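>>> This is the structure alone, sequence omitted:
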C-alpha cells in the first residue's frame, strides 16, 4: 500500500456501498490500526454485527476468529501483551470449533474434504494464530510457551527468516538465568570470578572461561531435536541467515518503501505505516515473510544485524569463540548499525578474543571511544549514507 489517502477514499466508497456491514467495518478498523488510532480501531470492531454475517460455510471465513485475532493484534500494538494473548487464545478456540464442525460430517480421513464448499479449504488459520500467540508470549516473558507455538508454526512458514530468529530468541531467553535463580543458586559474581591470586598491588582476578553453562537441555541429545536449547538456537540462526536474500549482501542499494498491514495473521506490523513513500523505483522491493508483513530493504538490514548479534551471543554461550568472533566482526562491518548493536558487537568480540588469549586485540574493542551512544535506532546521518 503506497498511500493511506488513496486507501481512505476506497474505504469511504466501500462504506457508502456496503453500509455498516461487518466486512466494511473490519476494513475500516484495519485502516485505523495502520494509522495508529488503536482505540478507534477497537471501537469499530466492537460496533460490527457478526451475527449478520452469512457464515464460514458460504464465505470460507470465520468472522469470530478474525474478530478476536484483530483485537489481539491491536492490543499487541498497544503493548498490552497479556490482553493480546487472551484474545489470540479466544481466536484459537473459535478456529478449532469451526474446524471441528467442518470435519464432523466425515469419519474417513481420506474423505474429509468431500462435500465441502471449496471456499472452506482455507478456513483453518491455526498456524497464523499460533505464530501470533508465540510472538505475544515471547513479549510477556514466557519463552518456553512461545517456543511451543512457534515451533509448530515454523513447520508451515519455514521460509520466514524472522520466524527463525524469534525461535532463537525463545531459546536464548529460556536458557538465561533470572535474578531469582541466581540468588537461589550461584551468584553472578561468583560465577564470573574463578579465583584471586597475589596480594596488594599485584593482586589479580582470574575470570572463568564460561560464566554460565548451558545445562537446561544439555543432556547429550542431538542439537537438531527441536527443544529450547542453545544448540538448537544456533541452528535457527543459521537458517535465518541462509534465508536472507542475496541482495541483502549489497549495502549500496537504495531503501525500499515500507509496507505494513494487518492481515489475518499479522502481529509484527505494529510499526506506523505513515512513512510509506509514494515514489516507485527499483529499490521498492518487498520480501515475503508470511504470516507477518513483507520485509522491506531497511527491515532486512536490521534483521541481519539482529541475527548476527544473537549468533555471536549463542556461539559464546556454546564456547565456540572463533565463530563468535566471526559473527561479531561481521556485525561491526554492517553499514547501518544501531548504537546498541555496535556496543554488543565490540563486547562480544572482546569476550571472544579474551578467551582466545588475544588480550591486546580485545583491549582495542573495549576502548570507550568505539561506542559513542547505545541508542536502539539508527541516526539520520547513517541512514543517508546507505
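Looks like it came in fine. Values in this document were obtained by computation on a predicted structure and should not be read as measured data.

>>> List the buried residues for whichever strand or helix holds residue 362?
Per DSSP states H and E, residue 362 falls inside helix 359-365. Within helix 359-365, the residues scored as buried using 16 or more other C-beta atoms under 10 Å are 362, 365. Every C-beta, even on glycine, is put in place using the N, C-alpha and C of the backbone.

>>> Give the other helices and strands that it contacts.
Where contact means 3 or more C-beta pairs under 8 Å, 6 or more residues apart in numbering; DSSP states H and E, helix 359-365 is packed against helix 339-355.

>>> who's in contact with the helix it packs on?
Under the criterion C-beta atoms under 8 Å, 6 or more residues apart in numbering, residues 207, 209, 305-306, 308-309, 312-313, 315-316, 321-322, 324-325, 327-329, 331-332, 337, 359, 361-363, 365-366, 370-376 lie in contact with helix 339-355.

>>> Flag the shaky bits of the protein, pLDDT-wise.
Along the chain, segments meeting pLDDT under 70 span 1-2, 105-115, 177-191, 209-223, 247-284, 378-386.

>>> Just the element for the residue positioned nearest the centre of it, please.
Compute the mean C-alpha point of the chain, and by C-alpha atoms, centre = their mean the closest residue is residue 166, 4.7 Å away. Per DSSP H and E, residue 166 falls inside helix 161-174.

>>> list the buried ones in the longest helix seen in the chain?
For the chain, the helix with the greatest residue count under DSSP state H is helix 81-103. Going by neighbour count (16+ other C-beta under 10 Å), the buried part of helix 81-103 is 81, 83-85, 87-88, 90-92, 94-95, 98-99, 102.

>>> which among those gets closest to residue 202?
residue 81 (52.1 Å; C-beta to C-beta).

>>> residues contacting the closest one?
Listed by C-beta under 8 Å, 6+ apart, the contact partners of residue 81 are 75, 136, 139, 140.

>>> Buried ones among the residues you listed?
75, 136, 139.

>>> Quick check: the closest residue to the last one other than its chain neighbours vs residue 320, distance?
Read that as residue 139. Excluding the flanking residues, the one nearest residue 139 by C-beta to C-beta, 6 or more residues apart in numbering is residue 81, at 4.5 Å. Distance of residue 81 to residue 320, computed by C-beta to C-beta, to the nearest Å: 33 Å.

>>> returning to what we had before: what about the contacts of residue 81, which are in strands?
Among the contacts of residue 81, none falls in strands (DSSP state E).

>>> Show me where the stretch 201-350 of the chain has its strands.
Along the stretch 201-350 of the chain, counting by DSSP state E, counting those that start in this stretch, strands occupy 204-207.

>>> Just the helices from it, written as ranges.
230-243, 297-317, 321-332, 339-355 (DSSP state H, counting those that start in this stretch).

>>> Between the ones you listed, which one is closest to residue 61.
Checking the helices of the stretch 201-350 of the chain against residue 61 by C-beta to C-beta gives helix 297-317 as the closest, at 28.8 Å.

>>> quick one, that closest one and helix 321-332 angle?
Angle of helix 297-317 versus helix 321-332, following axes from the mean of the first three to the mean of the last three C-alpha atoms, to 10 degrees, is 160 degrees.

>>> Let me have the contacts of residue 81 in JSON lines, extended by distance to residue 200.
Converted to JSON lines, the contacts of residue 81 look like this (distance: C-beta to C-beta, whole Å):
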{"residue": "75", "distance to residue 200": "60"}
{"residue": "136", "distance to residue 200": "55"}
{"residue": "139", "distance to residue 200": "50"}
{"residue": "140", "distance to residue 200": "50"}
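
>>> ranges for the helices of the stretch 51-200 of the chain?
56-59, 63-77, 81-103, 126-139, 143-153, 161-174, 179-184, 188-192.

>>> For residue 26, which of the ones you listed is the nearest?
That would be helix 63-77 among the helices of the stretch 51-200 of the chain, by C-beta to C-beta, at 6.7 Å.

>>> Which neighbouring elements make contact with that closest one?
For helix 63-77, the packing partners by 3+ C-beta pairs under 8 Å, 6+ apart come out as helix 22-35, helix 38-46, helix 81-103, helix 126-139.

>>> Any chance of TSV for the ones you listed, columns distance to residue 150?
Below are those laid out as TSV (distance: least, C-beta to C-beta, whole Å):
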stretch	distance to residue 150
helix 22-35	23
helix 38-46	25
helix 81-103	13
helix 126-139	4
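
>>> So which of these is nearest residue 148?
Each of the helices and strands packed on helix 63-77 has some distance to residue 148 by C-beta to C-beta; the shortest is helix 126-139, at 7.9 Å.

>>> Run the angle between that closest one and helix 161-174 for me.
Helix 126-139 runs at 40 degrees relative to helix 161-174, counting by the same axes, to 10 degrees.

>>> Return the distance of helix 126-139 from the chain's centre.
On the basis of C-alpha atoms, centre = their mean, to the nearest Å, helix 126-139 sits 10 Å off its chain's mean C-alpha point.

>>> What helices and strands are in contact with that helix?
Using 3+ C-beta pairs under 8 Å, 6+ apart, helix 126-139 sits against helix 63-77, helix 81-103, helix 143-153, helix 161-174.
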